[in-house]
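K.L.:
next come a sequence and a model predicted from it.
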Amino acid sequence: EEQEEDVLRELRLFLRNVTERLSLDRRFKAFTRPVDIEEVPDYLMVIKKPMDLSTLLTNIDEHKYVTVSEFMLDADLIWQNALEYNPDSDPMDRHIRHRACALKDTVRAILRDELDEDFERVCEEIKESR
Ligand SMILES: O=C(C1CCC1)N1C[C@@H]2C[C@H]3C[C@@H](O)[C@@H](O)[C@]2(C1)O3
């Protein structure tokens, strides 16, 4: 009903705001666009579910997420993929993993500080009812 659409509209506004703030953070520049498959031809042989901040934003606008938990599953792919594809001890890989861990911690801190548990519970009820 209309009230449910109001809740999902507020969810999308919150998720867009979080995603845009992450995209503006210079530490997360490498996460803002899909990994370039021309530049990294074996990427899709290693990483089965690529994800990046611009794709998160597209998914939000396409109403892919009805709960914050669904959004988190995709947001977590970004740093998980980076840790998986860049596991070596060389400085470049370590730099990427440090930023991947910073992304993980930053998303969790934002949701801990800014997401009301009751709001997420309402979103979960809407999801179960559909
Ligand atoms: O995993 C990533 C991104 C970094 C976070 C996501 N990439 C895989 C390649 C390995 C490394 C060096 C460059 O070859 C550049 O193309 C990539 C992009 O970084």
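P.N.:
Perfect, I can see it now.

K.L.:
just checking, what packs against the helix or strand residue 121 falls within?
P.N.:
Using DSSP states H and E, residue 121 maps to helix 117-128. Where contact means 3 or more Cβ pairs under 8 Å, 6 or more residues apart in numbering; DSSP states H and E, helix 117-128 is packed against helix 2-24, helix 68-85. For every residue, glycine as well, the C-beta is placed using N, CA and C.

K.L.:
indicate which one of these is closest to the ligand.
P.N.:
Among the helices and strands packed on helix 117-128, helix 68-85 comes nearest to the ligand, with 4.1 Å by Cβ to the nearest ligand atom.

K.L.:
and the closest one, does that touch the ligand?
P.N.:
Yes: applying Cβ under 6 Å from any ligand atom, one finds helix 68-85 touching the ligand at 82, 85.

K.L.:
which elements pack onto that helix?
P.N.:
Using 3+ Cβ pairs under 8 Å, 6+ apart: helix 68-85 touches helix 2-24, helix 43-46, helix 53-61, helix 91-114, helix 117-128.

K.L.:
looks like residue 51 contacts residue 78 (just checking).
P.N.:
Yes: applying Cβ atoms under 8 Å, one finds residue 51 in contact with residue 78, separated by 5.0 Å.

K.L.:
picking up where we left off before, now the helices and strands packed on helix 68-85 in TSV, with mean pLDDT?
P.N.:
Below are the helices and strands packed on helix 68-85 laid out as TSV (pLDDT from 0 to 100):
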stretch	mean pLDDT
helix 2-24	98
helix 43-46	98
helix 53-61	99
helix 91-114	98
helix 117-128	98
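
K.L.:
and the ones you listed, which is most packed in?
P.N.:
Across the helices and strands packed on helix 68-85, the average number of neighbours (mean count of other Cβ atoms under 10 Å) peaks for helix 53-61, which reaches a mean of 17.
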